[in-house]
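**Q** Show me how the following folds:
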Amino acid sequence: MEASTLVPYNTTESKSTVSRDIRIWITLTVTLILFWGIFLFFIVLMLHAFFTTAHLRTQMRYVLFMYTLVNDTLNLTTCVLLFLLTFALYQIPVRGCHFVVTIAASTFLNSRTGLAVMALERYAAICFPLRHSVICSVERSWVPITVSSVIGFMPSFIDIIILSTSVPEEFFFERVICRREYLIVTPYQATRMIVTDATTFTMVALIILYTYIKIMMEAKKVNGDSASTGKANKTVVIHAAQLSLSLTSFTSPISEYLMRQQVAFVRFFYFFLFMLFPIFLSPLIYGFRDENFRNHIKKFLACRPHKTKRVGHTP
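**A** Modelled structure (predicted):
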């Protein structure tokens, strides 16, 4: 009798648990897609402003910003995709997982080096105003973009070589839950990740700190154009805040391990606050602080269809 009463109870409880997990997954999926859609909406607005405003295309800072926007969009898209696949426990071939992880890892490093590049551009504008147009000409934009891209992709390229020489070909056709840790098959890869993360963060942090100090020193010496130096300083400070938030993403493997038994919303909150929010800051910085983008967004949002007025006598 006891056994017969336990079976329906366990079956009902199991169905209830599955139903709850499905509702949670749907809720998180809708939230992430909505967040991604809002982000993409502002990205499209700023891309439209860039390509329809001639003077924006003649300044390196805006060219670099467009590169950062495209890079951050790829990073956000792959991060959301990986989170949803992992949370749903959906298995994909290792080859596809490696491709998505490579894009996510490369664009993540590009975002950090992009902060340093844009801080250096502001440093050149404030500290070398007479030579700024030459040093930071649009024709030279390909140099920082190429350097940033190479720095971002090089660690992943090394991983590709290590992985292809360390595992049999059948490994790439296995179906797995896509996590970066699954692609780490040798101690060299783990060491490479630690060295790369530490070096990148230290390098970017030092560059941002250096540019901040130099801009502060220049602001004290020059009193005539304090508005531009103050604005540049605020931009560098915001870059530093982005970098500080992104530092927590380096601890994601440890945090995920510690929170593996936590409820889904706790893991989602960590992912949203420390992985996605720093990416979302970029369009906020230039989209709402920069006058050109701000005016373009206001014009777009204020645009409403006008009702046709009837011509006739007033009753």
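
**Q** got a list of what M193 touches?
**A** 155, 184 (Cβ atoms under 8 Å, 6 or more residues apart in numbering). For glycine as for every other residue, the C-beta is placed from the backbone atoms N, C-alpha and C.

**Q** Per-residue pLDDT of it, please?
**A** pLDDT for M193: 84.

**Q** List the buried residues of the host helix or strand of it.
**A** Element membership of M193, judged by DSSP states H and E, is helix 187-221. Using 16 or more other Cβ atoms under 10 Å as the test for burial, helix 187-221 gives 189, 192-193, 196-197, 200-201, 204-205, 207-208, 211-212, 215, 218-219.

**Q** same check, this time on stretch 153-171
**A** Buried residues in stretch 153-171 (16+ other Cβ under 10 Å): 153, 155-156, 159, 162-163, 171.

**Q** which residue packs closest to H296, ignoring adjacent ones?
**A** Nearest non-adjacent residue to H296, counting by Cβ to Cβ, 6 or more residues apart in numbering: A49, 3.8 Å away.

**Q** Now the element after whichever strand or helix holds that neighbour, going C-ward?
**A** In the assignment (DSSP H and E), A49 maps to helix 2-52. For helix 2-52, the succeeding helix or strand toward the C-terminus, using DSSP H and E, is helix 60-87.

**Q** Return the list of helices and strands in contact with that following helix.
**A** Helices and strands touching helix 60-87, by 3 or more Cβ pairs under 8 Å, 6 or more residues apart in numbering; DSSP states H and E, are helix 2-52, helix 94-127, helix 142-166, helix 264-271, helix 277-289.

**Q** Can you get me a residue count around T68?
**A** Counted by other Cβ atoms under 10 Å, the residues lying close to T68 total 24.

**Q** Distance-wise, check the closest residue to it other than its chain neighbours relative to F42.
**A** Counting by Cβ to Cβ, 6+ apart, T68 lies nearest to G114, which is 4.6 Å off, once chain neighbours are set aside. Separation of G114 from F42 (Cβ to Cβ, to the nearest Å): 17 Å.

**Q** Which one of these two is surrounded by more residues?
**A** G114 (27 against 18).

**Q** can I assume the more buried one is in contact with V70?
**A** No. G114 is beyond contact range of V70, at 10.6 Å (criterion: Cβ atoms under 8 Å).

**Q** ok so, going back, just the pLDDT at the residue nearest to T68, thanks.
**A** 85.

**Q** between the buried residues of helix 187-221, which is nearest Y270?
**A** Proximity of the buried residues of helix 187-221 to Y270 (Cβ to Cβ) peaks at D197, which lies at 17.8 Å.

**Q** Next up, the contacts around the residue nearest to the spatial centre of the chain.
**A** By Cα atoms, centre = their mean, the mean C-alpha position of the chain lies nearest to I279, the distance being 3.4 Å. Residues near I279 by Cβ under 8 Å, 6+ apart: 39, 72, 75-76, 79, 111.

**Q** Tabulate those in CSV, adding columns for pLDDT, neighbour count and distance to I297.
**A** Listed next are the contacts of I279 as CSV, based on pLDDT from 0 to 100; neighbours: other Cβ atoms under 10 Å; distance: Cβ to Cβ, whole Å:
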residue, pLDDT, neighbour count, distance to I297
F39, 86, 21, 14
D72, 88, 23, 17
N75, 89, 24, 22
L76, 88, 24, 19
C79, 87, 22, 25
S111, 85, 25, 22
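
**Q** lowest average confidence, helix or strand, in the protein?
**A** None of the helices or strands of the chain scores lower by mean pLDDT, DSSP states H and E than helix 252-258, at a mean of 54.

**Q** Kindly provide the distance from C178 to A88.
**A** From C178 to A88 the distance is 11 Å (Cβ to Cβ).

**Q** residues in contact with the residue found closest to I145 once you drop the neighbours it is linked to in the chain?
**A** The shortest distance from I145 to any non-neighbouring residue, by Cβ to Cβ, 6+ apart, is to Y67 (5.3 Å). Y67 sits next to 114, 141, 145, 148 when contact means Cβ under 8 Å, 6+ apart.

**Q** State the distance from the nearest residue to F173 once chain neighbours are set aside to R175.
**A** Nearest non-adjacent residue to F173, counting by Cβ to Cβ, 6+ apart: P93, 6.1 Å away. To R175, P93 is 6 Å away according to Cβ to Cβ.

**Q** Relative to M193, how far out is L109?
**A** Taking Cβ to Cβ, one finds L109 at 11 Å from M193.

**Q** anything in contact with each of these two?
**A** Common contact partners of L109 and M193 (Cβ under 8 Å, 6+ apart): P155.

**Q** Stretch 110-128: which residues count as buried?
**A** In stretch 110-128, counting by 16+ other Cβ under 10 Å, buried: 110-127.

**Q** Could I get the CA-only coordinates of that stretch as CSV?
**A** What follows is stretch 110-128, C-alpha atoms only, in CSV (Å, rounded to 0.1, in the frame of the first residue of the first chain):
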residue,chain,number,x,y,z
ASN,A,110,37.9,43.4,-27.7
SER,A,111,35.5,45.3,-25.5
ARG,A,112,38.2,45.7,-22.8
THR,A,113,40.9,46.8,-25.2
GLY,A,114,38.4,49.1,-26.8
LEU,A,115,38.0,51.0,-23.5
ALA,A,116,41.7,51.6,-23.5
VAL,A,117,41.8,52.8,-27.1
MET,A,118,38.9,55.3,-26.6
ALA,A,119,40.5,56.6,-23.4
LEU,A,120,43.8,57.2,-25.3
GLU,A,121,41.9,59.0,-28.0
ARG,A,122,40.4,61.4,-25.4
TYR,A,123,43.9,61.8,-23.9
ALA,A,124,45.3,62.8,-27.3
ALA,A,125,42.4,65.3,-27.8
ILE,A,126,43.0,67.0,-24.5
CYS,A,127,46.7,66.8,-24.1
PHE,A,128,47.7,67.3,-27.8
